[in-house]
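Enquirer: got a sequence here, can you build the structure:
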Amino acid sequence: MSTTASDIADLIEPLVAFRRDIHAHPELGFAEHRTSAKIAEALREIGLEVHAGIGGTGVVGVLRAGGSDRSLALRADMDALPIREETGLAYASQTAGVFHGCGHDGHVAMLLGAARHLARTRRFDGTVNFVFQPAEEGLGGARAMIEAGLFDLCPTDQVYALHNWPDLPAGTAQTRAGPIMAAADKFEISLEGRGGHAAMPHQTPDAILAASHLVTQLNSIVSRRIPPTSSAVLSVTKIEGGQSHNVLPAIVRVTGTVRSFEPEVQDTIEAALRDVVAGVATAHGVKPTIIYDRYYPATINHPEAAAEALAAARCACCHADTAPAPAFTSEDFAFMLQARKGAYIWLGQAREGEHVPLHHPAYDFNDAVIPTGIRLHAAIVERLLAA
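Expert: Okay, the predicted model is just below:
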């Protein structure tokens, strides 16, 4: 039996209020103390077994039905971004410079709604772990929860997550087998000369000139080192150096990101970057230092799990399709998919005639998709843990 709109109609108004309260009180990664406390309280109110403080501020609610030893996890992230909100909403952020600009407040509301619905219907046989994860935005909260024993404390056969997707209209969903989100690497390169007077550049290595040559050469790595059949992006995002118009700085720093889907491509790009830096440093007489951090792996869906997710989305009255291509954004749910079979799903949230992307100061989660998200979560449980 599929979940209908009328089955969950009474849940929506309080969930919207809950979501907007979290939106007004956003918290950054590993500091989601108020958010996690409210989630734990809500889970206890509906009778779930609650585990708090996993990986810092992570919370898990456990719901059992029947006698099967089968289990799965549904995950929602709950951290905000260090962005100044510019929505002008009545429930806008009350914390300066912190903002739910990625919709994690909506993810929390949808998963909490699924927990409430499944707790009263119990149309499944097994165990569902509702995982509320901290610090998705670049800090590796998923890895922290796993290292803290998430899957030992809450045994899980499979794990699923959804993310609102402004590129898709509300009422639609997409996923795909294999890569769906990119691996994320970041680099910081320091080029050190001696510094000196700008009127006498012949007396000191010019770190700014070296950095200028470096940026142009870095931007040729993907086009000249990576096969056209593979996909990758390298972007320089920050250059720092100098404080005066007439002084050559001693140090210039070049920072950026690399996105890819295959470990071999990651290896090639990192090796090429190190070669390019060494060559530029030699040519310009500066001393290089490289910090290269592969902080998130690619998010790789298991084929069978992706197929189940699409089937569940269709049961939830979504227009569900196979995603034509992966996204170059990254997601630390990748760590959970390295540990357990599962899939990551995009849930459309675009309002008609509007497109505000994730991480934009004017972004706001579309409350109209909360019922769809609840039904999608419930469909996954009821398909995979069929009574």
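
Enquirer: so where is the stretch 1-150 of the chain shaky, pLDDT-wise?
Expert: Scanning the stretch 1-150 of the chain for pLDDT under 70 picks out the ranges 1.

Enquirer: what is the rounded mean pLDDT of stretch 228-243?
Expert: Average pLDDT, stretch 228-243: 96.

Enquirer: and the helices in the stretch 101-250 of the chain, which stretches?
Expert: 104-121, 141-147, 150-153, 207-218, 221-225 (DSSP state H, counting those that start in this stretch).

Enquirer: biggest helix in the chain by residues?
Expert: If you go by DSSP state H, the chain has its longest helix at helix 263-284.

Enquirer: which helix or strand lies directly C-terminal to that helix?
Expert: strand 287-296 (DSSP states H and E).

Enquirer: give the partner strands of the following helix or strand past that next one in its sheet and their orientations.
Expert: Downstream of strand 287-296, the first helix or strand assigned by DSSP H and E is strand 299-301. Strand 299-301 has its sheet partners listed here by DSSP bridges as strand 178-181 (antiparallel).

Enquirer: can you give me the offset of the strand it pairs with from its chain's centre?
Expert: Centroid displacement of strand 178-181 relative to its chain, using C-alpha atoms, centre = their mean, to the nearest Å, is 13 Å.

Enquirer: and stretch 208-218, what's buried?
Expert: Buried residues in stretch 208-218, counted by 16 or more other C-beta atoms under 10 Å: 208-214, 217-218. Yep, even glycine has a C-beta here, placed from its N, CA and C like the rest.

Enquirer: can you lay out the helices of the stretch 101-250 of the chain as a markdown table showing distance to T172?
Expert: A markdown table is the format used below for the helices of the stretch 101-250 of the chain (distance: least, C-beta to C-beta, whole Å):
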| stretch | distance to T172 |
| --- | --- |
| helix 104-121 | 15 |
| helix 141-147 | 26 |
| helix 150-153 | 31 |
| helix 207-218 | 37 |
| helix 221-225 | 31 |
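
Enquirer: right, and those helices - which one's nearest A177?
Expert: Closest to A177 of the helices of the stretch 101-250 of the chain, according to C-beta to C-beta: helix 141-147, at 20.7 Å.

Enquirer: ok, the closest residue in space to E32 that isn't next to it in sequence - contacts?
Expert: Excluding the flanking residues, the one nearest E32 by C-beta to C-beta, 6 or more residues apart in numbering is T57, at 4.6 Å. By C-beta atoms under 8 Å, 6 or more residues apart in numbering, the contact set of T57 is 30-33, 35-36, 134-135.

Enquirer: pick the one among those closest to R123.
Expert: S36 (28.2 Å).

Enquirer: how big is the angle separating the helix or strand harbouring the closest one from helix 104-121?
Expert: Using DSSP H and E, S36 sits in helix 33-45. Interaxial angle of helix 33-45 relative to helix 104-121 (axes from the mean of the first three to the mean of the last three C-alpha atoms, to 10 degrees): 10 degrees.

Enquirer: mind putting the buried residues of stretch 208-218 into CSV with distance to I345 and pLDDT?
Expert: Below are the buried residues of stretch 208-218 laid out as CSV (distance: C-beta to C-beta, whole Å; pLDDT from 0 to 100):
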residue, distance to I345, pLDDT
I208, 46, 96
L209, 48, 97
A210, 45, 97
A211, 41, 98
S212, 43, 97
H213, 44, 97
L214, 39, 98
Q217, 39, 98
L218, 34, 98
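
Enquirer: buried residues, the strand ranked longest in the chain. List them.
Expert: Counting by DSSP state E, the longest strand found in the chain is strand 158-169. Within strand 158-169, the residues that count as buried by 16+ other C-beta under 10 Å are 158-166, 168.

Enquirer: can I get the CA coordinates of it in PDB?
Expert: This file holds the C-alpha atoms of strand 158-169, laid out as PDB (Å, rounded to 0.1, in the frame of the first residue of the first chain):
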ATOM      1  CA  GLN A 158      21.500  -0.400   3.100                       C
ATOM      2  CA  VAL A 159      21.500   3.400   3.300                       C
ATOM      3  CA  TYR A 160      19.700   6.000   1.300                       C
ATOM      4  CA  ALA A 161      19.600   9.800   1.200                       C
ATOM      5  CA  LEU A 162      17.800  12.400  -0.800                       C
ATOM      6  CA  HIS A 163      18.800  16.000  -1.600                       C
ATOM      7  CA  ASN A 164      16.500  18.700  -2.800                       C
ATOM      8  CA  TRP A 165      17.500  19.700  -6.400                       C
ATOM      9  CA  PRO A 166      16.500  23.200  -7.800                       C
ATOM     10  CA  ASP A 167      17.400  22.100 -11.300                       C
ATOM     11  CA  LEU A 168      14.400  19.800 -11.300                       C
ATOM     12  CA  PRO A 169      10.800  20.800 -10.900                       C
END
